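Novice: I would like the atomic coordinates for the input below:
(2 chains)
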2 protein chains.
Amino acid sequence: MAASVTIAIDAMGGDHGPSIVVPGADIAAGRFPAARFILVGDETKIRAELANLPRLAQRATVIHTDVSVRMDDKPSQALRAGRYKSSMWVAIEQVKSGAAQVAVSAGNTGALMAMAKVCLKTVPGVDRPAIAAIWPTLRGESIVLDVGATIGANKNELVTMAVLGAAMSRCMKGLERPNLALLNIGVEEVKGVEEVREAGQILRELNLPGMNYIGFVEGDDLGQGMVDVVVTEGFAGNIALKTAEGTAKQIGTWLKAALSSSIMSKIGTVFAAGAFRALKSKLDPRNSNGGVFLGLNGVVIKSHGGTDALGFASAVDVAHAMVSADLIARIAQDLATTGAMRTSQGTSET
Amino acid sequence: MAASVTIAIDAMGGDHGPSIVVPGADIAAGRFPAARFILVGDETKIRAELANLPRLAQRATVIHTDVSVRMDDKPSQALRAGRYKSSMWVAIEQVKSGAAQVAVSAGNTGALMAMAKVCLKTVPGVDRPAIAAIWPTLRGESIVLDVGATIGANKNELVTMAVLGAAMSRCMKGLERPNLALLNIGVEEVKGVEEVREAGQILRELNLPGMNYIGFVEGDDLGQGMVDVVVTEGFAGNIALKTAEGTAKQIGTWLKAALSSSIMSKIGTVFAAGAFRALKSKLDPRNSNGGVFLGLNGVVIKSHGGTDALGFASAVDVAHAMVSADLIARIAQDLATTGAMRTSQGTSET
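Specialist: Residues are numbered from 1 along each chain as shown, chains lettered A, B, ... in the order given. Presented below is the predicted three-dimensional model:
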């Protein structure tokens, strides 16, 4: 399948639209010489960008749309105004029709998820799709899901997310049984974490072939990368993701201020420039851009809205990797296995 | 009241017990020349430490207990085995009897909260006490609550926590109307955040005299310090706190590795040593140690279990500040005002 990946791109998504998205697609075109692109949006604007990007131009088709989803549209508004005719919808529709294998958008998350659900539908065994983030850690990258779609997920939804996340990890890293944990808090015997505890019990009893369930981790374990996949409900997951991003930014600001505070530290900064470049690259959110929507009949990737062309290209990297590893087929197979094992072990009652 | 603060200390709490806690109390004794201390725990071990600390020794009394709560005891176990007779319980009891104005423990959080609730009881208008963390930000310190006690807090509990947190902020910073926000996620119209949205509506309608409610913030706003107080339910709050701590540690590890990666960067590090010391101090968790239990008939402070003497002294700093500013009286007054306003504005029905 990797030989002929076609990637549908919502060219109007994000804070900057075609001026960032189309050059980002061009960077991706350089990385994946066999990939083809469908660019959806305002044709005049897209063609203006393509005029300077011959490499992308010769492998891209353009589909014109008049409507764009705004970054602050509510999901219901976006669906009312943009169903069938917005660049976001039409990009997703390319996946449904089979014209493309994956859709990428930097548009607003709520609208993208709503449209993806309505257009592609969830796969059997999944009620609520999840958003998986790629989390940079001390030991490479982990997958953390859900980061905003499944607020208040119950134990069965957590178990399903574990199956989805493990399948994605196997696609990303080629591991046979990625280590997987549930995110929890250290306080015992308190109200409200029953769903997490019960999900853990189910995962332990099932002992699924596609993952190695290792138990609970806490928020401070996320950055250590001790596990390949961390599963949590969407409210806490979104807050964890944003808090980590905010803390990295905060420390970067402190570091910059400290280093420019005296002549001596400025001299030191010159000597250590290489080291700071290495650190900056590790902290660069553009290098781990791309939230993966899991549980749908098709792959949809969300790029950060405020990213630049390089960051958008990272989201396309993720898209290409998921399609090349045949994520959807793996998920279908793993969900079927899980369902059969839950039925036979009697852990599937709610 | 500040003239004669007496601080009860659970000398057996934390990973290291008296060998850290008693020297920590001595550092605090140096900072607060008028303060008195009640050290509770194994008298032999405490006296052995006091032998080298004459400054503390002459202002401390010792209460012997045979029982210590272990760091991994569940709250119910701790209560069964340690009620009336553990160092943790007896330290809290000093606050109840009036012998001390505040209790400080580095022991396990769940046990400390359980004992504090049973011994001191909650104040009228509060069902579930909260734990407030002091969060280092780009603009000084913010207060974030709850970080682990009120899992799944509902809208009324969130409103009450706002009142508690604002009172604490006024004690800490002397502001008349601290800026306060609710922690939320950016996705609109999703299931499960109704409690947060409704709490926001109540706070906006009430327009309480003790706070300036400014709306929602997200996880990445925490480190920016745009508000004085951030309110959230305990599960997400605990995960936010731990994630921020873990991210800071992760970046510190990356920074160290980058700086020792070449001769040039090592030379740079020597020149910039002052800058790194300044950054290290900002990131030092010992400088913002001390979770404040809010909503009880008395002040209880939780120190990190793994901290050293300097870190424990920071927790005592917080204890001293809360007592000096008469936190309990302020909270009682603010809760009464809030209750009266909610009744008159009709926002108090559940």
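Novice: Around chain B, which positions in the stretch 1-150 of chain A sit nearby?
Specialist: Within the stretch 1-150 of chain A, the residues that sit near chain B (CB under 8 Å from any CB of the partner chain) are A:74-76, A:109-110, A:137-138, A:148-149. All C-beta atoms are positioned from the backbone trio N, CA, C, and that covers glycine.
Novice: Just the buried ones out of the residues you listed, please.
Specialist: Buried members of these, scored by 16 or more other CB atoms under 10 Å in any protein chain shown, are A:74-75, A:109-110, A:137-138, A:148-149.
Novice: Among those residues, which lie within helices?
Specialist: Using DSSP state H, the members of those that fall within helices are A:75, A:109-110.
Novice: Turn those into TSV, including pLDDT and distance to A:Val22.
Specialist: What follows is these, written out as TSV (pLDDT from 0 to 100; distance: CB to CB, whole Å):
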residue	pLDDT	distance to A:Val22
A:Pro75	90	26
A:Thr109	90	21
A:Gly110	90	24
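Novice: Name the nearest of the residues you listed relative to chain B.
Specialist: Chain B lies nearest to A:Gly110 out of these, by CB to the nearest CB, at 4.8 Å.
Novice: I'd assumed A:Ser76 was in contact with that closest one.
Specialist: No. The criterion here is CB atoms under 8 Å, and A:Gly110 misses it with A:Ser76 at 9.2 Å.
Novice: returning to what we had before: farthest pair within the residues of the stretch 1-150 of chain A next to chain B?
Specialist: Spanning the widest gap among those are A:Ser76 and A:Leu138, at 41.0 Å by CB to CB.
Novice: Scan chain A for its longest helix.
Specialist: What stands out as the longest helix in chain A, according to DSSP H, is helix A:234-259.
Novice: returning to that earlier point: closest to B:Thr269 among the ones in helices among the buried ones among the residues of the stretch 1-150 of chain A next to chain B?
Specialist: Of all these, B:Thr269 sits closest to A:Thr109, with 40.5 Å by CB to CB.
Novice: Hmm, that closest one is touching A:Gly148, no?
Specialist: Yes. Look at A:Thr109 against A:Gly148 with CB under 8 Å: they come within range, at 6.5 Å.
Novice: Contact partners for the spatially closest residue to A:Gly24 that is not a sequence neighbour?
Specialist: Residue nearest to A:Gly24 in three dimensions, not counting chain neighbours: A:Phe312, with 2.8 Å by CB to CB, 6 or more residues apart in numbering or on different chains. Applying CB atoms under 8 Å, 6 or more residues apart in numbering or on different chains to A:Phe312 gives the contacts A:14, A:20-21, A:23-25, A:27, A:104, A:106, A:289, A:303.
Novice: at 10 Å what do you get?
Specialist: Shown in contact with A:Phe312 (CB atoms under 10 Å, 6 or more residues apart in numbering or on different chains): A:9, A:13-14, A:16, A:20-28, A:104, A:106, A:286, A:289-290, A:303-304.
Novice: Buried residues, the helix or strand hosting it. List them.
Specialist: Assigned by DSSP states H and E, A:Phe312 belongs to helix A:309-324. Residues of helix A:309-324 classed as buried: A:309, A:311-324 (neighbour count, 16+ other CB under 10 Å).
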